[in-house]
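Enquirer: Need a 3D model of the sequence below.
(2 chains)
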Amino acid sequence: MPETEHATEQSRHGISRRGLVGGGVAAAGLAAGAFAAGRASAATDDGSAPDARAAYSFRGDHQAGIVTPAQDRLHFAAFDVTTGSRAQLVALLKAWTEAADRMTRGLPAGEIGPTEGDTNLPPDDTGEAIGLSASGLTLTFGFGPGLFRDEKGRDRFGIADRQPAALRTLPHFPGDMLDPEKSYGDLCVQACADDPQVAVHAIRNLARIGFGTVAVRWSQLGFGRTSTTSVSQSTPRNLFGFKDGTANIKSEETQDVEEHVWVGAGDDAKADWLAGGSYLVARRFNMNIEIWDRQTLGDQEDFIGRTKDTGAPLSGGSEFTEPKFSMPGSHGPVIPKDAHIRVVHPDFNDGVRMLRRGYNFVDGSDALGGLNAGLFFIAYVRDPDTHFIPVQNAMAKTDALMEYVKVTGSALFAVPTGIGTDEYVGQSLFERT
Amino acid sequence: MRKPLLVALPATLLLATPLLSACTENTDGGGDSSDPRTVSVTSTDDGCELSSTDAPSGTLTFDVTNEGSKVTEFYLLGSDGLRIVGEIENIGPQLSRQLVVSAPEGSYVTACKPGMKGDGIRGDFTVSKSAEEPSVSADDQQLVDQATKNYQVYVRDQADQLLVATQEFVSDYKAGKDDEARALYPQARMFYERIEPVAESFGDLDPKLDLRETDLEEGQKWTGWHRIEKDLWPESDPSYKTLSTAERATYGDDLLANTRKLDARVQKSTYTVDQIANGARGLLEEVAKSKITGEEENWSHTDLWDFQANVDGARVAFEGVKPIVEQKDPALAKSLTERFAAVQALLDAQKDGDGWTVYTDLSQDEVQQFSNAVNALSEPLSKLTAAVLS
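Expert: Have a look, this model is predicted:
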């Protein structure tokens, strides 16, 4: 009975997203029609209230989910293409575009809905997001090297001549202990949302639409963001207990975003379709949590180069004070030579920056009772050959943190630019103009 | 504020009463400022201001804030102004750090050292007798001197033995005596593994000697122990082509030359007491990271030899500083003694002739037992340095 009242109340006021959030699971009892209407109106809400869950447009100049303020939760999936048919692949990209457009507006994945339609048919939406708002869902699609050429270098879908030069399997880095079942992939979808169930719902429904054309190769859940992509956000902590992403590129730094994140027109003549897109580097950093926890506070701070408390660089000030790498300390520089923030700082890496969008993960415990946990690193860069590979090598060679991490997954994808009305994801790659 | 205390204080001091009694006394909300054993220190470029210049004996906390423009340090010195009772380094501008130190009744000197130069800005500090008077031993320094001297002798001896064993190993390997080389390989490596933190401190040599295949950067040349290991145990890589006699000579001579350099450098090295304690912690980390997982000896699976050697090195380091720990934190000394013995008992159970069971023959249950015992030992071991320095 209270549920019905709740529904009536919401219908009368055109169901605000806040109302839905406030209503919580109670809204699960709503009639399905109200569900659809409510979620549609939620998506058009301006989201200006501080606690309102945002909805981000799926279509635009660039794909959403890159400079979008990092949401709290992640479900990332990599797919292998199982068809040899270009037509089927394009049809899937069109179907994914439709479903993604709907889900990011808070609508069910399919047009019929999770509780409507023929009782003799499985519903075209799986239903676990009934009553949940769009929750800031973004779905970001990327193409791996395997989409262009198979293992023997043969053209798979008539697009091999358009493969970006930098889109190759990443080289082996020192300390990599890659699990092939957590690495690589022909396609990827990054689902970010402020509600974990919304992110999982999106991947689940996209995977379902893809059966017969693609198969999930691996997927990764992230339960807490470890970086900040907007100055409006506070800096979160990673599982080492330190603030992470203080020096990340923020969406407000528009010049740096242009310079370091988006592929420019003319960057790669054969792959001009990628202009306005980016490269997505995914790396699964397993942390040696139990060993890390036995390091003294002073050592932990020396490894990172910041204080654990406020995140200030060891050269002083507060979190956003620029580190002074030359400042002398008691034994050599006060920010040690192998401190993480020094090794990866643009000053020591030809000025390159990345836009990081990583997430903390815990996949239960390992066979010996240790936490199977770490940081699922995601970075968007203009060119992995200049913006990622050299930095990762420097880190692997000299970063004190490498003693406490092991990379178990790795993948690289080219992320096409945004799409307009009536376009589909990757259209610039498949339709030659 | 609480975190540094927890890290710096050995377990028994945490169980002592001063913190608790301080809390119950401070009903007026004064916090730590009214705890007579907590002293705020403000260091500036030309000043060193203390909230109090006297305190009752016991565990003192100096809360040092740097309001200057340079990195500063803070010292509590003996009445002679020379003997360091406690120090805290690398306090950056606008940052704070805590020095926690156990101080008996007496006259002391405090010093802030902005820019880390000279004698610092000094002042007198008095500790009066109280019910929490810590026990003191006049021969502390003697124990420290003894520990550092013994450890130095141990490390130098291991390095010398490593060189001798490596010579023999390389000679067999070059001569194609593979069975002999395979038998010597894990034994020679034990000398290296016992002093691994020392060897790793030579950042140019360690990668040439001890890099695993997975540690390589693309295009980097692979040399050292594990390169030869793969050549002697190539079975698990069907595509591997064994090295020619000439190549064997190249890799063997390179290993020997770098080992000779390592030995020469070790003979000139000295150690402080906290480096010894940290070394013990580091050795157990090596066990937990790459031996428990069987990742160290990927081809020969002789991980238990390395495991034993890491434990040997850690135990020697601990036993060296044990007389100090027994004075400062007897419970910690006892717990470490017991837990070293527990790990050793598990290793002894896997003893097989001169060596140990190969790693791949261990059951998951046995690996789990090793892992649990190593975790149990590593936790108190992480408090050893603080106890030694307290």
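Enquirer: now the residue of the stretch 151-300 of chain B found nearest chain A: how far from residue B:351?
Expert: Nearest residue of the stretch 151-300 of chain B to chain A (C-beta to the nearest C-beta) works out as residue B:218 at 4.1 Å. C-betas here are computed from N, CA, C, even on glycine. Separation of residue B:218 from residue B:351 (C-beta to C-beta, to the nearest Å) stands at 41 Å.
Enquirer: low-scoring stretches of the chain, by residue?
Expert: Reading this off chain A. For chain A, the stretches with pLDDT under 70 are A:1-53, A:433.
Enquirer: meant chain B actually
Expert: Looking at chain B by pLDDT under 70, you get B:1-33, B:136-138.
Enquirer: picking that back up, please name the nearest non-neighbouring residue to the residue of the stretch 151-300 of chain B closest to chain A.
Expert: Excluding the flanking residues, the one nearest residue B:218 by C-beta to C-beta, 6 or more residues apart in numbering or on different chains is residue A:171, at 4.1 Å.
Enquirer: Then residue B:376?
Expert: residue B:339 (5.4 Å).
Enquirer: And for residue 382, the neighbour number?
Expert: Using chain A here. 25 (other C-beta atoms under 10 Å in any protein chain shown).
Enquirer: my bad, chain B
Expert: What residue B:382 shows, counting by other C-beta under 10 Å, is a neighbour count of 20.
Enquirer: Can you give me the distance of it to residue B:282?
Expert: Using C-beta to C-beta, residue B:382 is found at 11 Å from residue B:282.
Enquirer: Repeat that for residue B:107.
Expert: In terms of C-beta to C-beta, residue B:107 sits 38 Å off from residue B:282.
Enquirer: cool, residue A:175 as well?
Expert: 18 Å.
Enquirer: go on, residue A:92?
Expert: Residue A:92 is 52 Å from residue B:282, by C-beta to C-beta.
Enquirer: Those two: which is more packed in?
Expert: Each of residue A:92 and residue B:282 has its neighbours counted (other C-beta under 10 Å); residue A:92 has more, 25 against 21.
Enquirer: which residues sit in contact with the more buried one?
Expert: A:209, A:210, A:213, A:214 (C-beta atoms under 8 Å, 6 or more residues apart in numbering or on different chains).
Enquirer: Tell me which residues of the top helix by length along chain A come out buried.
Expert: In chain A, taking DSSP state H as the definition, the longest helix is helix A:86-104. Using 16 or more other C-beta atoms under 10 Å in any protein chain shown as the test for burial, helix A:86-104 gives A:88-90, A:92-93, A:95-104.
Enquirer: remind me, longest helix of chain B?
Expert: When chain B is parsed with DSSP H, its longest helix is helix B:140-174.
Enquirer: Give me the angle between the helix or strand following the longest helix of chain A and helix A:86-104.
Expert: Per DSSP states H and E, helix A:86-104 leads on to strand A:138-143 as the next helix or strand towards the C-terminus. Relative orientation of strand A:138-143 versus helix A:86-104 (axes from the mean of the first three to the mean of the last three C-alpha atoms, to 10 degrees): 160 degrees.
Enquirer: Identify all contacting residues around strand A:138-143.
Expert: A:56, A:58, A:63-66, A:68, A:71, A:93, A:96, A:100, A:103-104, A:167, A:186-193, A:202, A:206, A:280, A:413-416, A:425-426, A:429.
Enquirer: Please point out which parts of stretch B:36-54 sit buried.
Expert: B:36, B:37, B:38, B:39, B:40, B:41, B:42, B:43, B:44, B:48, B:50.
Enquirer: and the gap between the fourth one and residue A:335?
Expert: When you say that, I think you mean residue B:39. Relative to residue A:335, and taking C-beta to C-beta, residue B:39 is found at 28 Å.
Enquirer: Next: residue B:262.
Expert: Counting by C-beta to C-beta - residue B:262 and residue A:335 are separated by 29 Å.
Enquirer: burial measure for residue 339, as a count.
Expert: All of this refers to chain A. Residue A:339: 26 surrounding residues under other C-beta under 10 Å.
Enquirer: should've been chain B
Expert: 19.
Enquirer: So it sits against residue B:380, correct?
Expert: Yes. Between residue B:339 and residue B:380 there is a contact under C-beta atoms under 8 Å: 6.6 Å.
Enquirer: Give me the number of neighbouring residues for the residue of the stretch 101-250 of chain A found nearest chain B.
Expert: Using C-beta to the nearest C-beta, the closest approach of the stretch 101-250 of chain A to chain B is made by residue A:171 at 4.1 Å. By other C-beta under 10 Å, the residues close to residue A:171 number 13.
Enquirer: So it: helix, strand or coil?
Expert: With DSSP: H, G, I helix; E, B strand; the rest coil as the basis, residue A:171 sits in coil.
Enquirer: next one: the one 10 residues further on
Expert: Reducing the assignment at residue A:181 to three states with three-state DSSP gives helix.
Enquirer: What helix or strand is the nearest residue to it once chain neighbours are set aside located in?
Expert: Closest residue to residue A:181 apart from its sequence neighbours, by C-beta to C-beta, 6+ apart: residue A:218 at 5.8 Å. Using DSSP H and E, residue A:218 sits within strand A:214-222.
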